[in-house]
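Undergrad: fold the following for me, if possible:
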Amino acid sequence: MVDLTTTYLGLQLKNPLVPSSSPLMRKVDNIKRMEDAGAAAVVLHSLFEEQFARESELLSDALDAGTYSYAESLTYFPDLGNYNIGPDGYLEHIRKVKQAVAIPVIASLNGVSTGGWVKHAKKIEEAGADALELNMYYLTADAAPSSAQVEKMYLDLVRAVKANLRIPVAVKLSLHFTAFANMAQQLAHAGAAGLVLFNRFYEPDFDLENLEIVPSLELSTSDLIRIRLRWIAILYGRVPCDLAITGGVWHASDVLKAMMAGAKVAMMTSALLKHGIDHLHVVRAQMVRWMEEHAYASIQQMQGSMSQKTVANPAAFERANYMKVLRAYEPG
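TA: Model prediction:
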């Protein structure tokens, strides 16, 4: 019998399939269906920093800055009083989910500033969350802060939150760091028990007829997993924390690749939005079939088997692959 068990953030999981933050997480019934379909844990939808705005005049001032510069800027943020559910509603949602399912429940906070985060992180822990994911969605559009200042902001937040919690903390990151491997190490030393690679920035589009900036959201594709596999493979064994892949996980093959790169779990959202929650059944069954056909006894056996841990100079390894691909390409 194939052993699909893995560990993530110190949690024992029956397999590496973890549905990640999405609108599906707003309903307890959906999360129960995910558990029944084979999910080993879930990451709840995010509680946004902007929902704390009333508690922080500094944050409110920052959000209001430039509001009247352009007419369309009034629509940048939703009505945060009614958006999703507020902090109190979020805590109640955690309690209801914990009562409904036996699998680990990972809460999510989305933002960048310390502000009221420590207080709300503590309340999330008290509500029963098994772990907390800090979803650091921040685009440095201001030319004033240096890269070192931005990195310090991230690290200070992780340290502040972790210092006040007993539950493990994971950090969901974008790739927008000059020295990503170094940043990964610093985050682990700051207290992150796991790194989730990578966040996707939602890129706005231009409406040429109405001359407006409009939100744009497209589901991921399996092609997106490549950059994630690359960095998981580079970091595996080099950072003292667990690694998770999110973005581009659609099929059993994506999950298996993630494990071989060195991930502990593979997080899935777009595939469930497209194919439904029962898609978890399909992925799990296909994983078992492939592992049996290729004589893999366990997930742990394959984890990190295709990482760059044994390569002395991963940068040189990447350069070699880069040159190989360019030489092999033929137009037409």
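Undergrad: for the stretch 51-200 of the chain, which segments count as helices?
TA: Secondary structure of the stretch 51-200 of the chain (DSSP state H, counting those that start in this stretch): helices located at 57-64, 87-100, 117-127, 147-162, 180-190.
Undergrad: now these in a markdown table, with distance to residue 275?
TA: For the C-beta atoms, the positions are set from N, CA and C on the backbone; glycine is no exception. A markdown table is the format used below for the helices of the stretch 51-200 of the chain (distance: least, C-beta to C-beta, whole Å):
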| stretch | distance to residue 275 |
| --- | --- |
| helix 57-64 | 37 |
| helix 87-100 | 23 |
| helix 117-127 | 30 |
| helix 147-162 | 34 |
| helix 180-190 | 31 |
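Undergrad: residue boundaries of the strands in the stretch 101-250 of the chain?
TA: Remark: strands assigned in the stretch 101-250 of the chain by DSSP state E, counting those that start in this stretch are 105-110, 131-135, 169-173, 194-197, 205-207, 212-214, 242-246.
Undergrad: how about residues contacting the third one?
TA: What it means is strand 169-173. By C-beta atoms under 8 Å, 6 or more residues apart in numbering, the surrounding residues in contact with strand 169-173 are 9, 106, 108, 131-136, 154, 158, 161-162, 183-184, 187, 191-199, 242, 244, 246.
Undergrad: again, only this time at 6 Å
TA: Contact with strand 169-173 is made by 9, 132-135, 161-162, 187, 192-196, 199, as judged by C-beta atoms under 6 Å, 6 or more residues apart in numbering.
Undergrad: of these, which pair is most distant in space?
TA: The two members of these with the most space between them (C-beta to C-beta) are 162 and 199, at 19.2 Å.
Undergrad: related to what we said a few turns ago, would you turn the strands of the stretch 101-250 of the chain into JSON lines with mean neighbour count?
TA: Shown next, in JSON lines, are the strands of the stretch 101-250 of the chain (neighbours: other C-beta atoms under 10 Å):
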{"stretch": "strand 105-110", "mean neighbour count": "24"}
{"stretch": "strand 131-135", "mean neighbour count": "26"}
{"stretch": "strand 169-173", "mean neighbour count": "25"}
{"stretch": "strand 194-197", "mean neighbour count": "26"}
{"stretch": "strand 205-207", "mean neighbour count": "11"}
{"stretch": "strand 212-214", "mean neighbour count": "13"}
{"stretch": "strand 242-246", "mean neighbour count": "27"}
